[in-house]
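Chemist: Below are the sequence and a predicted model for it; my questions follow.
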Amino acid sequence: MTKVFKYTLIDLARNRFVLGYALLMLLVAQGLFMVEDDPSKALLSLVQVVMALVPLIALVFTIVYSYDSLEFTQLLAVQPMARRSILAGQIGALCVALLVAQGFGLGLPLLVNDPGMAAVMLSISGSGLVLVFTALGVLIALKHREKARGVGVGLMVWFLFVLAYDALLMSLMFALNDYPIEPFIVPLAALNPIDMGRILVMLQIDLAAMMGYSGAVYKEFFGSAGGMAVAFGVMLIWFLVPTLLSFRTFQRKDL
């Protein structure tokens with residue numbers, strides 16, 4: 001596992017896409033802080049960018065890289081090495097490379113321009129999304145043999161989480177506005193890791209009032225230490241479940 005992790009990480013460090021990701025995040029984050037005089041407004045704009053851009057990049061890059069490194073994976077699979085060690089090294093290297101790139105591109109501007117709790121939560125939520133969508137990307141690549149199909153499925157997953165989910169949630173809330181929906185708002189939020197990350201950051205910026213009735217429910221639940229623990233637990237589950245399914249698929253996959 002250690003050798004696979006080391007080799008994959010070195011390969012990723014030379015990858016232009018990873019370097020480009022770090023530079024893109026740096027330019028976007030610093031550009032928003034330079035355009036806006038109020039750091040809180042820049043942070044609010046950055047939240048929307050991070051919640052849409054980070055999952056897309058992590059998901060698509062992981063899928064593409066998994067297909068591009070298939071020959072190397074096949075070579076490792078015929079060696080006297082456990083498959084779980086191969087996959088663990090590759091997933092670990094992908095997560096570390098993307099987290100470091102994001103830490104430089106997003107964390108540095110936040111630290112310089114708005115070093116507050118909201119910025120810390122945005123950085124943590126962004127890192128959580130990197131882990132979740134890297135795990136989902138590996139699973140998608142293992143489930144589909146064709147690269148084009150895998151990328152298409154990844155884009156569909158991203159579309160469902162970023163756009164379709166919010167539309168369905170709003171439709172459901174309007175349709176059931178005459179009924180008590182408090183017990184369902186939090187579980188519905190847990191179905192989308194992007195929405196969970198957005199809620200945690202918004203509460204730190206104290207925009208729950210602008211989020212309407214659902215914002216009041218989110219603030220009441222996630223505003224406590226227990227609610228925060230539940231939120232981080234949900235993000236962890238979103239990472240662990242695809243990862244465990246990936247190990248199971250990889251063990252049975254005919255390379």
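Modeler: All right, it came through fine.
Chemist: Can you list the buried residues in the host helix or strand of residue 74?
Modeler: Under the criterion of DSSP states H and E, residue 74 resides in helix 70-77. Buried positions in helix 70-77, judged by neighbour count with 16 or more other C-beta atoms under 10 Å: 73, 76. In short, each C-beta sits where N, CA and C put it, glycine included.
Chemist: can you check stretch 128-143 too?
Modeler: Buried residues in stretch 128-143, counting neighbours by 16+ other C-beta under 10 Å, are found at 128-142.
Chemist: quick one: which of these is nearest to residue 54?
Modeler: The shortest approach to residue 54 among these belongs to residue 129, at 5.0 Å (C-beta to C-beta).
Chemist: what's that closest one in contact with, if anything?
Modeler: 50-51, 54-55, 58, 193-194, 197 (C-beta atoms under 8 Å, 6 or more residues apart in numbering).
Chemist: neighbour-wise, which of these leads?
Modeler: When neighbours are taken as other C-beta atoms under 10 Å, the top entry among those is residue 58 (29 neighbours).
Chemist: ok, now which ones touch the closest residue to that one other than its chain neighbours?
Modeler: Spatial nearest neighbour of residue 58, chain neighbours left out: residue 133 (4.0 Å); criterion: C-beta to C-beta, 6 or more residues apart in numbering. Residues in contact with residue 133 (C-beta under 8 Å, 6+ apart) are 54-55, 58-59, 62, 158.
Chemist: could you pull out the helices for the stretch 51-200 of the chain?
Modeler: All helices of the stretch 51-200 of the chain, identified by DSSP state H, counting those that start in this stretch, fall at 70-77, 83-102, 108-113, 117-143, 147-159, 165-175, 182-190, 193-205.
Chemist: In TSV: those, plus distance to residue 17.
Modeler: What follows is the helices of the stretch 51-200 of the chain, written out as TSV (distance: least, C-beta to C-beta, whole Å):
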stretch	distance to residue 17
helix 70-77	17
helix 83-102	9
helix 108-113	19
helix 117-143	13
helix 147-159	14
helix 165-175	27
helix 182-190	31
helix 193-205	21
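Chemist: Let's have these in a markdown table, adding distance to residue 35 and mean pLDDT.
Modeler: As requested, the helices of the stretch 51-200 of the chain are arranged in a markdown table below (distance: least, C-beta to C-beta, whole Å; pLDDT from 0 to 100):
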| stretch | distance to residue 35 | mean pLDDT |
| --- | --- | --- |
| helix 70-77 | 42 | 84 |
| helix 83-102 | 21 | 92 |
| helix 108-113 | 12 | 86 |
| helix 117-143 | 17 | 92 |
| helix 147-159 | 26 | 93 |
| helix 165-175 | 25 | 70 |
| helix 182-190 | 30 | 69 |
| helix 193-205 | 18 | 81 |
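Chemist: Can you say which of the ones you listed is nearest to residue 37?
Modeler: The closest of the helices of the stretch 51-200 of the chain to residue 37 is helix 108-113. By C-beta to C-beta, the value is 11.5 Å.
Chemist: For that closest one, name the packing helices and strands.
Modeler: For helix 108-113, the packing partners by 3 or more C-beta pairs under 8 Å, 6 or more residues apart in numbering; DSSP states H and E come out as helix 16-35, helix 39-68, helix 117-143.
Chemist: Of the ones you listed, give the one that comes closest to residue 84.
Modeler: Ranking those by proximity to residue 84 (C-beta to C-beta) places helix 117-143 first, at 13.0 Å.
Chemist: relative orientation of the closest one and helix 193-205 in degrees?
Modeler: Angle of helix 117-143 versus helix 193-205, following axes from the mean of the first three to the mean of the last three C-alpha atoms, to 10 degrees, is 180 degrees.
Chemist: Which positions within stretch 35-46 qualify as buried?
Modeler: 36, 39, 42-46.
Chemist: Pull the contacting residues for residue 8.
Modeler: Shown in contact with residue 8 (C-beta under 8 Å, 6+ apart): 69, 89-90, 93-94.
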